[in-house]
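Enquirer: When you get a sec, could you give me coordinates for this:
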Amino acid sequence: MLRTMPRARLEDDLAAAEAFASRPAATANELADNLTQMYEAVYNVSLDRYDVRALARSAPQLVSTLFAHRLRLRNQVVDWHNKGFMSLPAQRAVRGALRIARYATDMLGELNIGYAQLGPHENTMRAFCGTDLNTFVNPAFATGHDLPFQAGDLLLMRGMHHNSAAIARIGDVDSQFSHLCIVHTDEAGKQWVVESLIEAGAVINPLDAALAHGVGRCVLLRHKDAALARRAAALIHDLVARSHAEGGKRIWYDFSMELTSPETELFCSKLVRLAYALATQRQYALPTFTTRYDMKNRDFVDRIGVTARETFAPADIELEPDFDIVAEWQDYRVTSRLRLQDLLMDELFRWMDDYGYRFKPDLPVRLIGAFGKLSGRFSDQAKNLIESVVPRVPPNMRRSAIQAVAMLQFTAEPLLKDLMALERHSVERRGRPLHAREVFEHLEARRQALGHKIGYLELSA
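Expert: Modelled structure (predicted):
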């Protein structure tokens, strides 16, 4: 009688991976080694090892298990920090472990909805809505009812555009987030977000509008000191409101990403940093763990105006010891796209570092830069009228930055469409999405085939 080997169980493989993360560590090096082994164990998991139908049935329990694992891992940061274990390698290992576990969650969530995709005329749903395993709540905050947002809460977000993917990936640690904002509750009980956007600078928007504005994933974080959080939200709200009042001076986006530059310009995380600094008479400085721009080839970051070597990137808040993760949400109809964008940006920036590729503008891109720069001088009303033709551009955005964003878009979009087609083919043929290793292999083959010119990236002479 022919005997067959039983299929592997993802539950067992994930438990084995978590065992690495759970091993006691006596030093920072041991911690980094444990978490690196956990990352590699999850990375090496391939869904073709499992029975897809059985996996689909167990997906709800598995994603809950993975979220609980991420919470346990993240909650240990305070203890590791107090012990002095959070060295730079350990920080990177913690971030990597959280990131790979989130990707595993995404793939299971995609399987759970039958790999449904966002339609051409559909929008992402409002964050923290949906019934297909979209929202996970920290048990410490769960009440069995919808959770109210509180003043001072932070929203860590990821948008859908290539520039969002670039913001998430240009630091020394790859992240899955590109924006950070703070919630304010006014005297009437209405809730707002105070944020800094590339196109508009520091602004105040309705909370519901922000949550429904093309968000692919979002994490809700809450400071342990509720009074401090309320004060921070109120102070930054009033500051930004005054900047928009008659006679006020607009606070535009800070492309330098410098933490020590004047506060007349603010990038999104720096706005949150300022809020909590104002609430503590400058005694509290976020973040505890920073992001570094230590790439060898700074062509892209130089073009967009980044001068910082160390900064407060949005995802840095994920490790902040004074904040708790309250809930996390994702739209599984778009997480595949976000993941492919992330992996694509990894490769584009690697090619720039390893091979010396640089962006080279042509006449159409120079015209985009010129018209975009010109439009930056228009009033908001005029910008609204021409937005379908010329994207909204702030007056302090350099022409080279406008060109860089355009070149990134034109370079990345064809490659992303190719990857998405391969992903669909993999799902149809094998019942699973592409493994990251397969994505990297395909992109490297494309690089070798295209040679010295990949979109607007060219090998420097």
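Enquirer: Pick out the residue nearest the middle of the protein.
Expert: With distances taken as CA atoms, centre = their mean, Phe177 lies nearest the centre of the chain, 1.1 Å away.
Enquirer: residues touching that residue, list them.
Expert: By CB atoms under 8 Å, 6 or more residues apart in numbering, the residues touching Phe177 are 156-158, 168, 217, 219, 314-315, 318. Placement of C-beta: from N, CA and C, glycine included.
Enquirer: Likewise for Ala279?
Expert: Neighbouring residues of Ala279 by CB under 8 Å, 6+ apart: 228, 231-232, 235.
Enquirer: Torsion angles phi and psi at it?
Expert: Phi and psi for Ala279, reported as degrees, to the nearest 10, are phi -80, psi -10.
Enquirer: Tell me the pLDDT of it.
Expert: For Ala279, the model assigns a pLDDT of 98.
Enquirer: circling back: confirm that the residue nearest to the centre of the chain sits in a helix.
Expert: No. Counting by DSSP: H, G, I helix; E, B strand; the rest coil, Phe177 is not part of a helix but coil.
Enquirer: on that earlier part again, can you pick out the ones from the contacts of Phe177 that are in strands?
Expert: 156-158, 217, 219 (DSSP state E).
Enquirer: Adding distance to Lys296, pLDDT and neighbour count as columns, could you present these in JSON lines?
Expert: Shown next, in JSON lines, are the ones in strands among the contacts of Phe177 (distance: CB to CB, whole Å; pLDDT from 0 to 100; neighbours: other CB atoms under 10 Å):
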{"residue": "Leu156", "distance to Lys296": "28", "pLDDT": "98", "neighbour count": "27"}
{"residue": "Met157", "distance to Lys296": "29", "pLDDT": "96", "neighbour count": "26"}
{"residue": "Arg158", "distance to Lys296": "26", "pLDDT": "95", "neighbour count": "27"}
{"residue": "Arg217", "distance to Lys296": "30", "pLDDT": "96", "neighbour count": "24"}
{"residue": "Val219", "distance to Lys296": "31", "pLDDT": "98", "neighbour count": "25"}
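Enquirer: ok, so of these, who is nearest Ala200?
Expert: Ranked by distance to Ala200 (CB to CB), these are led by Met157 at 15.6 Å.
Enquirer: shouldn't that closest one be in contact with Gln176?
Expert: No. In this structure Met157 lies outside contact range of Gln176 using CB atoms under 8 Å: 10.2 Å.
Enquirer: what touches both of those two?
Expert: By CB under 8 Å, 6+ apart, the residues touching both Met157 and Gln176 are Arg217.
Enquirer: re the thing from before, out of the contacts of Ala279, who has the most neighbours?
Expert: Neighbour counts for those (other CB atoms under 10 Å) peak at Ala232, which has 28 neighbours.
Enquirer: element containing that residue?
Expert: Per DSSP states H and E, Ala232 falls inside helix 226-244.
Enquirer: Can you name the next helix or strand after that helix?
Expert: As assigned by DSSP H and E, the chain's next helix or strand after helix 226-244 is helix 268-278.
Enquirer: thinking again about what came up before, any idea how far the residue nearest to the centre of the chain is from Ala165?
Expert: As judged by CB to CB, to the nearest Å, Phe177 and Ala165 stand 11 Å apart.
Enquirer: Same question for Arg447.
Expert: For Arg447, the distance to Ala165 equals 18 Å [CB to CB].
Enquirer: more crowded one of the two?
Expert: Using other CB under 10 Å, the more surrounded residue of Arg447 and Ala165 is Ala165, with 28 against 18.
Enquirer: So which elements touch the helix or strand Ala404 falls within?
Expert: Using DSSP H and E, Ala404 falls within helix 399-430. Where contact means 3 or more CB pairs under 8 Å, 6 or more residues apart in numbering; DSSP states H and E, helix 399-430 is packed against helix 162-169, helix 299-304, helix 335-355, strand 357-359, helix 363-375, helix 436-450.
Enquirer: Please point out which parts of it sit buried.
Expert: Neighbour counts over helix 399-430 (16 or more other CB atoms under 10 Å) mark 399-412, 415-416, 419-420, 422-423, 426-427 as buried.
Enquirer: swap in stretch 48-66?
Expert: Neighbour-count burial for stretch 48-66 [16+ other CB under 10 Å]: 50, 55, 58-59, 62-63, 65-66.
Enquirer: Among those residues, which one sits closest to His435?
Expert: Of all those, the one with the least separation from His435 (CB to CB) is Tyr50, at 13.1 Å.
Enquirer: what's the nearest residue to that closest one if we skip its chain neighbours?
Expert: Residue nearest to Tyr50 in three dimensions, not counting chain neighbours: Leu10, with 5.3 Å by CB to CB, 6 or more residues apart in numbering.
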